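**Q** Okay, sequence plus prediction incoming.
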Amino acid sequence: MPAKLYKKDVSPPARAAIMACEIFNVPVEMVDVNLLEGEHLTPEYLKMNPCHTIPVFVDGDFVIHDSHAMLMYFADTYGNNSPLYPKDIKQRTLINQKLFFNDGVLFTRMRNITYPAFVHGVKDVTKMQLDDLQETYDFLEAFLSRHKFLALDHITIADIAAYATVSMFHYIVPLDTNKYPKLAAWLKEMEKQPYCQKYNAAGAKALGEFIKSVIESK
Ligand SMILES: N[C@@H](CCC(=O)N[C@@H](CS)C(=O)NCC(=O)O)C(=O)O
């Protein structure tokens with residue numbers, strides 16, 4: 001049985017996993033999960049992933065239910081010493097740090113706004129939620145002032161994970177490109193990558209426009 005990736009294209013972590021499958025040529029069958037119809041809450045799905053999130057990667061009895069762990073696993077298994085996830089321990093640690101930053105800060109702050117809007121139609125976004133999202137621009141600008149990309153001076157899996165998340169932020173909090181020139185340049189550079197064009201652009205736009213319309217319909 002081929003490995004399967006349970007995903008939905010609007011989901012940032014799912015998009016990161018899909019892009020990594022493309023980059024590292026992971027032999028995998030894509031399976032769409034309809035969150036609005038509760039396909040992630042069925043007993044079969046919960047058996048795979050008790051946290052009921054996408055993406056989930058299943059290869060026989062080997063299951064990964066976190067996109068960051070998937071990116072690391074795909075790079076190590078199929079990456080053939082790829083510079084996207086170098087073996088050097090210090091470089092790796094800098095990359096891991098930004099993967100955790102994506103999960104713990106970028107994605108979490110975005111999810112605090114998008115999940116209630118997407119799943120429960122909640123239109124109210126508090127000033128604190130917006131300020132929290134805005135502050136991530138400061139963090140990213142500071143990181144990108146140290147290196148050309150988030151962890152190192154070249155693209156790594158940390159950029160792929162973070163770009164999948166950040167590429168829809170501007171629908172919620174406009175990006176002032178004069179105040180955040182490094183971040184604007186990084187977004188432009190990432191946008192050019194063929195795997196971002198093919199597997200990220202449409203999903204990020206769909207999620208961004210949907211959230212914007214929910215918030216504006218208040
Ligand atoms: N840390 C997880 C987060 C996954 C996640 O929260 N996915 C969202 C979609 S963007 C989800 O499936 N939410 C459904 C739910 O929480 O019930 C990852 O990186 O894979």
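**A** In hand now; what should we look at?

**Q** ok, and what's touching the helix or strand of the chain with the lowest mean pLDDT?
**A** Lowest by mean pLDDT, DSSP states H and E among the helices and strands of the chain is helix 108-120, with a mean of 91. With CB atoms under 8 Å, 6 or more residues apart in numbering as the test, helix 108-120 has contacts from 10, 12, 35-36, 122-123, 125, 129-130, 132-133, 136, 165, 168-169, 172, 207, 210-211, 214-215. C-beta here means a position set from N, CA and C on the backbone, and glycine is covered the same way.

**Q** Could you point out the helix or strand that follows that helix?
**A** helix 127-146 (DSSP states H and E).

**Q** could you give me the average pLDDT of that following helix?
**A** In this model, helix 127-146 carries a mean pLDDT of 97.

**Q** Which strands or helices does that helix pack on?
**A** helix 108-120, helix 157-166, helix 181-192 (3 or more CB pairs under 8 Å, 6 or more residues apart in numbering; DSSP states H and E).

**Q** let's go with 10 Å and repeat that
**A** When contacts are defined as 3 or more CB pairs under 10 Å, 6 or more residues apart in numbering; DSSP states H and E, helix 127-146 sits against helix 89-101, helix 108-120, helix 157-166, helix 181-192.

**Q** quick one: buried residues of the second one?
**A** Residues 109-110, 113-114, 116-118 are the ones in helix 108-120 that count as buried (16 or more other CB atoms under 10 Å).

**Q** what distance separates that helix from the middle of the whole chain?
**A** Relative to its chain's centre, helix 108-120 lies at 14 Å (CA atoms, centre = their mean, to the nearest Å).

**Q** Okay, angle between it and helix 157-166 too, please.
**A** Using axes from the mean of the first three to the mean of the last three CA atoms, to 10 degrees, the inter-axis angle of helix 108-120 relative to helix 157-166 is 40 degrees.

**Q** For Tyr180, see how far away the nearest residue to Asn200 once chain neighbours are set aside is.
**A** Leaving out its chain neighbours, the residue that sits closest to Asn200 by CB to CB, 6 or more residues apart in numbering is Arg15, at 5.0 Å. To Tyr180, Arg15 is 22 Å away according to CB to CB, to the nearest Å.

**Q** so how far is Ser167 from Lys205?
**A** Distance from Lys205 to Ser167, by CB to CB: 9 Å.

**Q** More neighbours: which of those two?
**A** It is Ser167, of Lys205 and Ser167, that has more neighbours when counted by other CB atoms under 10 Å, with 22 against 14.

**Q** coming back round to it: for the contacts of helix 108-120, which ChimeraX command selects only the ones that are buried?
**A** Selecting only the buried entries of those in ChimeraX, with 16+ other CB under 10 Å as the criterion:
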select :10,12,35,125,129,132,133,136,165,168,169,172,207,210,211,214,215
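
**Q** out of the contacts of helix 108-120, who's near the ligand?
**A** Contacts with the ligand within the contacts of helix 108-120, counted by CB under 6 Å from any ligand atom: 12, 35.

**Q** That's all I had, so thanks and see you.
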